[in-house]
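**Student:** Here is my input; please provide its structure:
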Amino acid sequence: MLPQKFIAIDIDGTLYDDNDYFDHQRFNRDYQELFNNGILLIAATGNSYDAVQSIFRGCPVDTFVAENGGRIVINSQDVISHVHPRPLLKDLIEFLIQQDYHPDLFSLSGASNTFISNKFKGIPVPFYPHHQYFSSLEQVNEPVYNVNLNWFKSRPQLSIIEKVIQSINNAYPKMVQATYSGAYGIDILPYGVNKAAGLKELISHFPGRSLADVTAFGDTSNDLEMIQESGIGFAMKNATPDLKRVADQITQKDNNHNGLLYEIEKQFLS
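**Tutor:** Have a look, this model is predicted:
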């Protein structure tokens, strides 16, 4: 049966609480009830497809906008991929190494693995289920969707991270799109890739449906386009100020108090 409406949810800071946990039993119950009512729930996330498969193990979710829109999966099948051109990726990596950004982690998101710079080999990465280490791009034998810098240890002010984002986008105008992904991280995507564009491509596989049929939930800057362009955009109570400014509504509860599921139940299942 063709879904009548869609709900697009971010994960980190939206579904997840600050300890990377969500109520699986409640989520699964809500998902099934939504599905029975003709509403398809889509996970729209900056995470890799590898990571979301791990996050939703034991859950019925099988349709994803992963890599911030770079990888579209419907019914567990890849339908669209947007990756960095290899020559540009090589130049970008060299540029990032030369800068004084001093990240706590530097990684590339591939098709089946996350490739982490050898410099960070001693750092635990439980959020990357499958990963390898590299010292040069020649060792990365997969297409790369996303380049990630993270400062999860040093935790700088957001204004400092925003300056890094601006410097990257200024260095590669209309070639890459750097964006804040939450949790002190930056995603560097192919230009034009974002969650709204990914959702639009996904929804195009459902005849007669559009972004107007989507209610979206997010918490930070990489959700901006999705919140602005969906039919209804919810910012989490804990969202960054830039997202709250463009949202149609703000959830009553934050991510540490099941704000997402509470709002879904209130809006769609009450």
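
**Student:** element containing the nearest residue to residue 72 once chain neighbours are set aside, please.
**Tutor:** Spatial nearest neighbour of residue 72, excluding adjacent residues (C-beta to C-beta, 6 or more residues apart in numbering): residue 80 at 4.0 Å. For glycine as for every other residue, the C-beta is placed from the backbone atoms N, C-alpha and C. Here residue 80 sits within strand 77-81, counting by DSSP states H and E.

**Student:** any idea how far the residue nearest to residue 72 is from residue 263?
**Tutor:** 29 Å (C-beta to C-beta, to the nearest Å).

**Student:** So which of these two has more stuff around it?
**Tutor:** Higher neighbour count among residue 80 and residue 263: residue 263, with 21 against 17, using other C-beta atoms under 10 Å.

**Student:** So, low pLDDT: which residues of the chain?
**Tutor:** By pLDDT under 70, the low-scoring segments of the chain are 1.

**Student:** quick one: contacts for residue 205?
**Tutor:** 74, 79 (C-beta atoms under 8 Å, 6 or more residues apart in numbering).

**Student:** The one 5 residues further on too?
**Tutor:** Contacts for residue 210 were tallied using C-beta under 8 Å, 6+ apart; they are 200, 203.

**Student:** Helices of the chain, residue ranges please.
**Tutor:** 24-36, 49-55, 86-98, 158-171, 195-203, 224-229, 241-246, 259-264 (DSSP state H).

**Student:** next one: phi and psi at the spatially most central residue of the chain?
**Tutor:** Geometric centre of the chain, nearest residue: residue 46, 1.8 Å, by C-alpha atoms, centre = their mean. Residue 46 adopts backbone torsions of phi -80, psi -10, taken as degrees, to the nearest 10.

**Student:** Give me the distance between it and residue 209.
**Tutor:** In this view, residue 46 and residue 209 are 24 Å apart by C-beta to C-beta.

**Student:** hey, what's residue 109 bridged with?
**Tutor:** Beta-bridge pairing for residue 109 (DSSP bridges): residue 114, residue 146.

**Student:** Tell me if I'm right that it and residue 48 touch.
**Tutor:** Yes - contact criterion C-beta atoms under 8 Å: residue 109 and residue 48 qualify, at 4.7 Å.

**Student:** Would you mind measuring the gap between the ends of stretch 116-132?
**Tutor:** 6 Å (C-alpha to C-alpha, to the nearest Å).

**Student:** typed the wrong thing, it's stretch 118-130
**Tutor:** End-to-end distance (C-alpha to C-alpha), stretch 118-130: 15 Å.

**Student:** Equivalent analysis for stretch 94-105, please.
**Tutor:** Note: stretch 94-105 ends 16 Å apart using C-alpha to C-alpha.

**Student:** quick one: buried residues of it?
**Tutor:** Buried residues in stretch 94-105, counted by 16 or more other C-beta atoms under 10 Å: 96, 101, 103, 105.
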